[in-house]
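sequence? don't have it. structure:
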């Protein structure tokens, strides 16, 4: 399991720094993909194999029904290889709004055997009168083969209409390379009077300006690209907010203090987990495992010898490391 680097991403809900009055920040439309979710997602370009609300997160799967040779004649174009669903949004109170979703970058994004992958979060736009706009801001995570995945963002001024999201400005106002890490990441698209800004967690990866200034979301879409083989992408917490915010960018010294604090907290969390699930076995009782309290009671001791065999009654979750 890849551990987060020292610049591990901050959890969105705990660290966002509002750039509008608190009263202006409200959820317009969203889905937490919980058991009580009633959001009405509809087919986007092409129906995915699965769009499964697990009660905790969303699993978007593509498979044989979306392979090129199995698609109907009128769906053979590559645009239909991008499969997923979209959610109609309410209208924010102004043309300043923020759309977010969380994407799970699991180990398949780094495996040399998984070849190509693409996950895409897109926001379709309309003008103040409800007329469709051709520009659709989007963030995509793309794995082009055996190399590492990279983020890209829609930019109508770019040659291919996509800009590279491989650099960001840190809290010390310095340019850094953005390395995609394993784990959950927040993809954030902010619009302010037609100026689109893109973030991965607290890192700003780019911005652009579209021709229309008075723009509003009409749909938020989640997609995965079908490269003629099965694939699954995990998503969570897709929301449109009324107003503008970004996740607070920390300076290097502040980030170091935060990481030290979180490392200490998670070390205690793992210690408590081991106290509950770690078991011990003595040489003279090889067929039985004891919890710490059972051992001390069985042998009438205050501590357990360091040379006894140990194990755990269940596997420690990866989230106990990913702070």
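Everything's here; your move. Everything numeric in this text was worked out from a predicted model, so none of it was measured. Residues are numbered from 1 along each chain as shown.

which ones are touching the spatially most central residue of the chain?
With distances taken as C-alpha atoms, centre = their mean, residue 103 lies nearest the centre of the chain, 2.2 Å away. Contact analysis of residue 103 by C-beta atoms under 8 Å, 6 or more residues apart in numbering lists 119, 121, 141, 184, 185, 187, 233, 234, 235. Yep, even glycine has a C-beta here, placed from its N, CA and C like the rest.

and what of residue 138?
120, 121, 122, 123, 153, 154, 189.

Can you name the residues bridging to it?
residue 122 (DSSP bridges).

Repeat that for the one 4 residues further on.
Listed beta-bridge partners, residue 142: residue 118, residue 150 (assigned using DSSP bridges).

got a list of what it touches?
Per C-beta under 8 Å, 6+ apart, neighbours of residue 142: 117, 118, 149, 150, 151, 152.

Please report how far residue 116 lies from residue 219.
26 Å (C-beta to C-beta, to the nearest Å).

neighbour-wise, which of those two wins?
Legend: neighbour count by other C-beta atoms under 10 Å for residue 116 and residue 219, higher for residue 219 (20 against 14).

Please give the element, helix or strand, for that one.
Using DSSP states H and E, residue 219 maps to strand 215-225.

any idea of the mean pLDDT in that strand?
Per-residue pLDDT values across strand 215-225 average out to 97.

Tell me which strands that strand pairs with, and in which orientation.
strand 82-88 (antiparallel), strand 116-127 (antiparallel).

Beyond that strand, next helix or strand please.
strand 231-242.

Only the buried residues of that next one, if you could.
231, 232, 233, 234, 235, 236, 237, 238, 239, 240, 241, 242 (16 or more other C-beta atoms under 10 Å).

Report the contact partners of the third one.
Okay, so that is residue 233. 59, 60, 61, 103, 104, 117, 119, 222, 224.

what do you get for the first one?
Residue 231 is in contact with 61, 62, 63, 108, 117, 224, 225, counting by C-beta under 8 Å, 6+ apart.

on that earlier part again, got a markdown table for the contacts of residue 103, with pLDDT and distance to residue 177 too?
Compiled in a markdown table, these are given as follows (pLDDT from 0 to 100; distance: C-beta to C-beta, whole Å):
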| residue | pLDDT | distance to residue 177 |
| --- | --- | --- |
| 119 | 98 | 21 |
| 121 | 98 | 22 |
| 141 | 97 | 16 |
| 184 | 93 | 21 |
| 185 | 94 | 16 |
| 187 | 97 | 19 |
| 233 | 96 | 24 |
| 234 | 96 | 25 |
| 235 | 97 | 26 |
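
that older thread, quick check: angle from the strand holding residue 219 to strand 231-242?
170 degrees (axes from the mean of the first three to the mean of the last three C-alpha atoms, to 10 degrees).
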